[in-house]
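A.B. asks: Sequence below, structure please.
(one chain, ligands or ions: 1)
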Amino acid sequence: MKVIVAGTGFVGLTHAAVLSESGHEVYAYDIDTQKIAAYNSGQREQIERYVNEPGLASIIPETLNRYLFFVDSLDGLIEETDAIFLCLPTPPNLDGSTDLSYYANAAHHLGQLLARRKDQRRVVLVNKSTVPVGTVRTLQTLLNEHQVPNFGVASNPEFLPEGDAVEKSRKPDRIVVGADTPEDFEILRNIYAQYVNHVRIAYIETTPETAEAIKYVANTLLLTYISFWNGVGARLSETFDNMMMEDLKRGVTADARISTWGSYVSNGAGGSCFGKDIQSLIYQLRQNSRPCGLLQEVFDINEYQKTYLIDRAVNEADFNFNNKTVALLCLAFTKHTNDMRDASSLKVVEALLAKGVKAVQAYDPLATDEAKHYFNPKKNNLFAKISYHDTVHEALQNSDALFITTDWEEFRGLSSTIEKMVAPPYLVIDGRRMIANYGQLVKKGYTYLAVGSKVMP
Ligand SMILES: NC(=O)c1ccc[n+]([C@@H]2O[C@H](COP(=O)([O-])OP(=O)(O)OC[C@H]3O[C@@H](n4cnc5c(N)ncnc54)[C@H](O)[C@@H]3O)[C@@H](O)[C@H]2O)c1
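C.D. replies: Okay, the predicted model is just below:
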């Protein structure tokens, strides 16, 4: 099949690369010409400057210029295309609604090109971006206005988790395809041929609107479950004596009906999707005069969670951040990625600067370059207090406190590094319950404050 993927960010690049592995002829298109040049180099370092996902930079050179083509213009490429996947940004507006301007621009451009094509064979425009329920009809109307002949619209939401995008694209839990006509379903079945009758992967065909809604309900349900553990499990364990968070979790999730995924507690879930999708769903329901108290509460718990450990440090550990140096591990919203979108670290840094810290010494194995854009001192001169370090040791040097916001496995054994680098009195804030033998630190006089525990000693 000849496929165009419009937008080559996390979703589009992964989708294009994985589709090209199945022998489809894939044209990955982006308006960002620098990105396209970087991908076309086939060089790991160049690719990972934009999207750093395990395995992705290895697939690209294997199929590049055989099945996978990166282009910064679609001129002359539109003929004989079977499907165009839209993998475009859909960020939140200030009121929580979805900014569809990127989407509308791309649709307008594609409408112009498709209206001029000579072959007139059936082409399906497939939406992979997360868009409000009913957006598929806006796309249809726009293409009709351009008098595009013989086209269909479909919704095929993406569920990949960052940090594991390639594996989950190759072996997803499900493929959801919402379309209107048998021929459009058929085109998508041909593209996803290896999944259609798969024994483990659910191939679900439905209406486009239902497919759009599946994405929102799935994402908000995941955030609800995470926030339940943060808002109830962690709160209980932080309140009552002699509570063991890990035992609480094991005891509850031993019930086969209760998921172990998401039963961890943390300083909030970040990333490009959870926050924006729940806000969008709240907006969509409110616009239709539907109550959405549960969703609002889930959103609020998750936001509160991002910085509440700083308040606990002040109130429960009597720590004064003023003029102190804080080591920050790390910056990206989760491990194995350089993505900083909606990362808890953004709120943590803001809160630390507001408390008057002298310096923030940050370490992240992948996200330093990305972080420098977010914390640009030209935007806010307080960001000049942030320094970036190549190792945990360096970040800890001469610090007064440590804040762990990301769940890299290397932090499990951090206690001996802490002992080597900094002496008590010293505050360890563990937003991910990463440090396995924290008891050793407490015995030696360090203060340990973790999500889901009372402050120790
Ligand atoms: N990142 C995730 O983990 C994830 C997971 C599931 C779903 N989604 C959804 O997928 C969509 C894309 O997310 P993303 O993280 O890949 O975004 P992204 O910002 O990483 O990538 C979007 C790309 O689209 C390009 N673009 C913008 N306008 C364009 C145009 N007119 N033509 C061609 N390219 C254009 C941008 O240059 C950028 O490279 C969003 O709706 C998001 O909610 C994201």
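
A.B. asks: Any idea which residue of the stretch 1-150 of the chain lies closest to the ligand?
C.D. replies: Gly9 (1.8 Å; Cβ to the nearest ligand atom). Every C-beta, even on glycine, is put in place using the N, C-alpha and C of the backbone.

A.B. asks: repeat for the stretch 201-350 of the chain
C.D. replies: For the stretch 201-350 of the chain, Cβ to the nearest ligand atom, closest residue to the ligand: Ser272, 4.5 Å.

A.B. asks: For Val360, give me its contacts.
C.D. replies: Thr325, Val326, Leu328, Val349, Leu352, Leu353, Lys385, Ile386, Ser387 (Cβ atoms under 8 Å, 6 or more residues apart in numbering).

A.B. asks: interface residues of the stretch 201-350 of the chain facing the ligand?
C.D. replies: Within reach of the ligand by Cβ under 6 Å from any ligand atom, the stretch 201-350 of the chain has these residues: Ser272, Cys273.

A.B. asks: any idea how this structure splits into domains?
C.D. replies: 2-206, 222-450 (automatic domain parsing).

A.B. asks: Number of residues surrounding the residue of the stretch 1-150 of the chain closest to the ligand?
C.D. replies: By other Cβ atoms under 10 Å, 18 other residues sit near Gly9.

A.B. asks: I'd assumed Cys87 was in contact with it.
C.D. replies: Yes. Gly9 is within contact range of Cys87, at 6.8 Å (criterion: Cβ atoms under 8 Å).

A.B. asks: picking that back up, mark which of the contacts of Val360 are buried, thanks.
C.D. replies: Buried subset of those (neighbour count, 16 or more other Cβ atoms under 10 Å): Thr325, Val326, Leu328, Val349, Leu352, Leu353, Lys385, Ile386.

A.B. asks: ok now do the fourth one, which residues does it touch?
C.D. replies: Spelled out, it's Val349. Counting by Cβ under 8 Å, 6+ apart, Val349 has contacts Leu328, Val360, Phe375, Phe383, Ile386.

A.B. asks: Get me the contact residues on the stretch 1-150 of the chain for the ligand.
C.D. replies: Going by Cβ under 6 Å from any ligand atom, the residues of the stretch 1-150 of the chain near the ligand are 6-12, 29-32, 35, 87-90, 102, 105-106, 129-130.

A.B. asks: From these, which land in strands?
C.D. replies: Those of these mapping onto strands are Ala6, Tyr29, per DSSP state E.

A.B. asks: Make a ChimeraX selection of whichever of the residues of the stretch 1-150 of the chain next to the ligand turn out to be buried.
C.D. replies: Buried residues within these, by 16+ other Cβ under 10 Å, are selected in ChimeraX with:
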select :6,7,8,9,10,11,12,29,30,31,35,87,88,89,90,102,106,129,130
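
A.B. asks: And the strands in the protein, which stretches?
C.D. replies: 2-6, 25-29, 68-71, 83-86, 123-127, 151-155, 174-179, 202-206, 325-329, 359-363, 386-389, 401-404, 427-430, 447-450.

A.B. asks: Pipe these into a markdown table and attach mean pLDDT per row.
C.D. replies: Below are the strands of the chain laid out as a markdown table (pLDDT from 0 to 100):
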| stretch | mean pLDDT |
| --- | --- |
| strand 2-6 | 98 |
| strand 25-29 | 98 |
| strand 68-71 | 98 |
| strand 83-86 | 98 |
| strand 123-127 | 98 |
| strand 151-155 | 98 |
| strand 174-179 | 98 |
| strand 202-206 | 98 |
| strand 325-329 | 98 |
| strand 359-363 | 98 |
| strand 386-389 | 98 |
| strand 401-404 | 98 |
| strand 427-430 | 98 |
| strand 447-450 | 98 |
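
A.B. asks: Which residues are in contact with the spatially most central residue of the chain?
C.D. replies: Geometric centre of the chain, nearest residue: Gly271, 3.4 Å, by Cα atoms, centre = their mean. By Cβ under 8 Å, 6+ apart, the contact list for Gly271 reads Glu162, Phe333, Thr334, Asp339, Arg341, Asp342, Ala343.

A.B. asks: Show me which of those is closest to Asp369.
C.D. replies: For these, the minimum distance to Asp369 (Cβ to Cβ) is 12.0 Å, reached by Asp339.

A.B. asks: Check the gap between that closest one and Tyr103 for me.
C.D. replies: Taking Cβ to Cβ, to the nearest Å as the measure, Asp339 and Tyr103 are separated by 20 Å.

A.B. asks: Ala367 against Asp339, yeah?
C.D. replies: Yes. Contact criterion Cβ under 8 Å: Ala367 and Asp339 qualify, at 7.4 Å.

A.B. asks: on that earlier part again, let's have the contacts of Gly271 in TSV, adding pLDDT and neighbour count.
C.D. replies: Shown next, in TSV, are the contacts of Gly271 (pLDDT from 0 to 100; neighbours: other Cβ atoms under 10 Å):
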residue	pLDDT	neighbour count
Glu162	89	24
Phe333	95	26
Thr334	93	22
Asp339	93	24
Arg341	95	20
Asp342	95	21
Ala343	97	28
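
A.B. asks: follow-up on the earlier one: is it true that the residue of the stretch 201-350 of the chain closest to the ligand touches Phe10?
C.D. replies: Yes. Under the criterion of Cβ under 8 Å, Ser272 makes contact with Phe10 at 7.4 Å.

A.B. asks: Which neighbours do the two have in common?
C.D. replies: Glu162, Asp339.

A.B. asks: Counting neighbours, what do you get for Leu77?
C.D. replies: Other residues close to Leu77 by other Cβ under 10 Å number 15.

A.B. asks: any idea how far Ser97 is from it?
C.D. replies: 33 Å.

A.B. asks: circling back to that earlier point, now list whatever residues contact both of Ala367 and Asp339.
C.D. replies: With Cβ under 8 Å, 6+ apart as the test, Ala367 and Asp339 both reach Ala332.

A.B. asks: picking that back up, name the member of the contacts of Val349 with the shortest distance to the ligand.
C.D. replies: Of these, the one sitting nearest to the ligand (Cβ to the nearest ligand atom) turns out to be Phe375, at 19.2 Å.

A.B. asks: doesn't Thr8 make contact with Tyr39?
C.D. replies: Yes. Taking contacts as Cβ under 8 Å, Tyr39 lies within contact range of Thr8: 6.6 Å.

A.B. asks: Between those two, which contacts overlap?
C.D. replies: Ala28, Tyr50, Phe70.

A.B. asks: Throw the residues you listed into CSV and include neighbour count, thanks.
C.D. replies: Formatted as CSV, those follow (neighbours: other Cβ atoms under 10 Å):
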residue, neighbour count
Ala28, 28
Tyr50, 19
Phe70, 24
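
A.B. asks: Out of those, flag the one nearest to Phe321.
C.D. replies: Tyr50 (34.9 Å).

A.B. asks: Run through the residues that contact the closest one.
C.D. replies: Tyr50 neighbours (Cβ under 8 Å, 6+ apart): Thr8, Gly9, Leu13, Lys35, Ala38, Tyr39.
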